[in-house]
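Peer 1: Make a model of this:
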Amino acid sequence: MTRSMSGAARTLSRSMTGVEPAGAAHPVKALAAPRAAFALVLATLAGVAAPSHADAQTVAITNARIHTVSGGVIENGTLVIEGGRIAAVGADVSAPAGARVIDGTGKIVTPGLIESASQLGVVEIGAVDETVDASSSDDRVTAAFRVSDGLNPFSTLIPIAATGGVTRAVVVPGGQALIVGQAALIDLDGARPADLVRRDPLAMVSAFDEGTAARFGGSHGAALMRLREALQDARDYDANRAAFDAGNRREYSLSRLDLDALAAVVNGELPMIMEANRTTEILAALALAREFGFRLILFGAAEGWVVADAIAAAGVPVVTNPIENLPSYDRLAITEEGASRLASAGVPLAFTTGVLSGSPALGTHNVRNLRLLAGGAVRNGMAHADALRAITLAPAEIWGVADDVGSLEAGKEADVVVWSGDPFEPLSRAEHVFVNGVEQDAATRQDRLLERYREINEAMPEAYQR
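Peer 2: So this is what the prediction gives:
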């Protein structure tokens, strides 16, 4: 089953040209089961899914400048991929007999990049409602909503993101609710759509921004009151489930499904992502996390550098766009140097192309530019090594997968990118992208459409000749 779906994924999400590659199964036959069946498979993948490495090759990348992230830079080093994992990395490592050898002379090797807030797989065209499956239209607290239930493993945006060296991504729900639902972590491995979801649920998401405040009571204080009430109800429900089931508990403000979902937050099983940009919002989020004892991840934190010491003292990580500098009433103190100042204060930091409030889909089409945001952070004062860490190991640590990915170490899953030059330089490109030890097809749908219609000839339909 896995092998037939792999072929289907390559046929649909990579080529999509109507020309069937030699030896490939017919796409209609390969997809005899409707996409809903795949969605059902993905929805049932709870926790961490272990991918199959049947397609992984033994590969040796030699003579390269290797940025391990966790252990510095190795000059003229060799990295060996075997069985989907990194078998060895170092300056004195030799290529195994029979391995495919990639000459890395003049190249730079890094871990695969991790996007921390996207809508890959749940948004295709933001302006077309039928291609958007990222939120619930219910304007109440919707904590039970799982974004993974609507994931499309054949999204054309996934291979495009991989061309930018991105190998993992957090998919966040959107919407207008105070709590919009539960995020998931996915692999960007187009060869194995059944293994798309790696961790689900990953985190609860709350868009505590100025727009949300206006919708829930007209002020930040009113919105915070609603959020506190929801957390109090969840804590009471979690401590008195038997009484609730017997009808011997007070009425709650949330549905049973939402209470179940939020219980995982208040009992420490699931972290809460809270968008907070204004200084007072950030301090309120820190206080709320202390009050209820949940693990907090701040998103945005446009004015976070103002209270960086408080964020660092709380040990709370921040996910942010390091080059965002447009002010609003909630972002009066925003600056492109904010990320550098947060890092200098010791705040765990991850970069993202995405947003939570407003139009979360906007960043999804730009995930491939994650490396350029890190380059912008370097331009504004951050150390190169810290910026690379903010798109590799730091997000892996924040999302609890650092034992598997995020750095180039023996035993870790082989998410590896070979770059033509410094990945932060716009003219550099990802020449080889490995996810779980499987090299991804460098040609996207756009590339194949370009080749298909590059030469106009009389045999083509008239519409294509214009």
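
Peer 1: rest of the way, CA atoms for contacts and neighbours
Peer 2: OK.

Peer 1: List the contacts of stretch 65-79.
Peer 2: Residues outside stretch 65-79 that contact it (C-alpha atoms under 8 Å, 6 or more residues apart in numbering) are 60-64, 86-95, 104-111, 385, 388-389, 392-393, 406-409.

Peer 1: So which of the residues you listed sit within helices?
Peer 2: Ala385, Leu388, Arg389, Leu393 (DSSP state H).

Peer 1: pretty sure the last one contacts Asp404?
Peer 2: This points to Leu393. No. At 10.1 Å, Leu393 does not count as touching Asp404 under the criterion of C-alpha atoms under 8 Å.

Peer 1: Which one of the two is surrounded by more residues?
Peer 2: More crowded of Leu393 and Asp404, by other C-alpha atoms under 10 Å: Leu393, with 28 against 18.

Peer 1: residue ranges with poor pLDDT in the stretch 1-150 of the chain?
Peer 2: The stretch 1-150 of the chain contains residues with pLDDT under 70 at 1-55, 133-134, 137-140.

Peer 1: got a list of what Gly346 touches?
Peer 2: Per C-alpha under 8 Å, 6+ apart, neighbours of Gly346: Ala312.

Peer 1: Quick one: buried ones out of the contacts of stretch 65-79?
Peer 2: Buried by 16 or more other C-alpha atoms under 10 Å: 60-64, 86-91, 94-95, 104, 107-111, 388-389, 392-393, 406-409, out of the contacts of stretch 65-79.

Peer 1: Select from those residues every entry located in strands.
Peer 2: 60-64, 86-90, 108-111 (DSSP state E).

Peer 1: Next, format these as JSON lines and append distance to Met272.
Peer 2: JSON lines is the format used below for these (distance: C-alpha to C-alpha, whole Å):
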{"residue": "Ala60", "distance to Met272": "40"}
{"residue": "Ile61", "distance to Met272": "39"}
{"residue": "Thr62", "distance to Met272": "42"}
{"residue": "Asn63", "distance to Met272": "43"}
{"residue": "Ala64", "distance to Met272": "39"}
{"residue": "Ile86", "distance to Met272": "32"}
{"residue": "Ala87", "distance to Met272": "35"}
{"residue": "Ala88", "distance to Met272": "36"}
{"residue": "Val89", "distance to Met272": "36"}
{"residue": "Gly90", "distance to Met272": "38"}
{"residue": "Ile108", "distance to Met272": "35"}
{"residue": "Val109", "distance to Met272": "33"}
{"residue": "Thr110", "distance to Met272": "29"}
{"residue": "Pro111", "distance to Met272": "26"}
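
Peer 1: Tell me which two in those residues are the farthest apart.
Peer 2: Ala87 and Ile108 (18.6 Å; C-alpha to C-alpha).

Peer 1: Show me what the longest helix seen in the chain is packed up against.
Peer 2: Longest helix in the chain, counting residues (DSSP H): helix 220-239. Other helices and strands packing on helix 220-239, by 3 or more C-alpha pairs under 8 Å, 6 or more residues apart in numbering; DSSP states H and E, are helix 210-215, helix 256-266, helix 279-292.

Peer 1: So what angle separates the directions of the second one and helix 220-239?
Peer 2: Per axes from the mean of the first three to the mean of the last three C-alpha atoms, to 10 degrees, the angle that helix 256-266 makes with helix 220-239 is 90 degrees.

Peer 1: In helix 256-266, which residues are buried?
Peer 2: For helix 256-266, by 16+ other C-alpha under 10 Å, it's Asp258, Leu259, Asp260, Ala261, Leu262, Ala263, Ala264, Val265, Val266.

Peer 1: coming back round to it: next, the angle helix 279-292 makes with the longest helix of the chain.
Peer 2: Using the same axes, to 10 degrees: helix 220-239 against helix 279-292 is 20 degrees.
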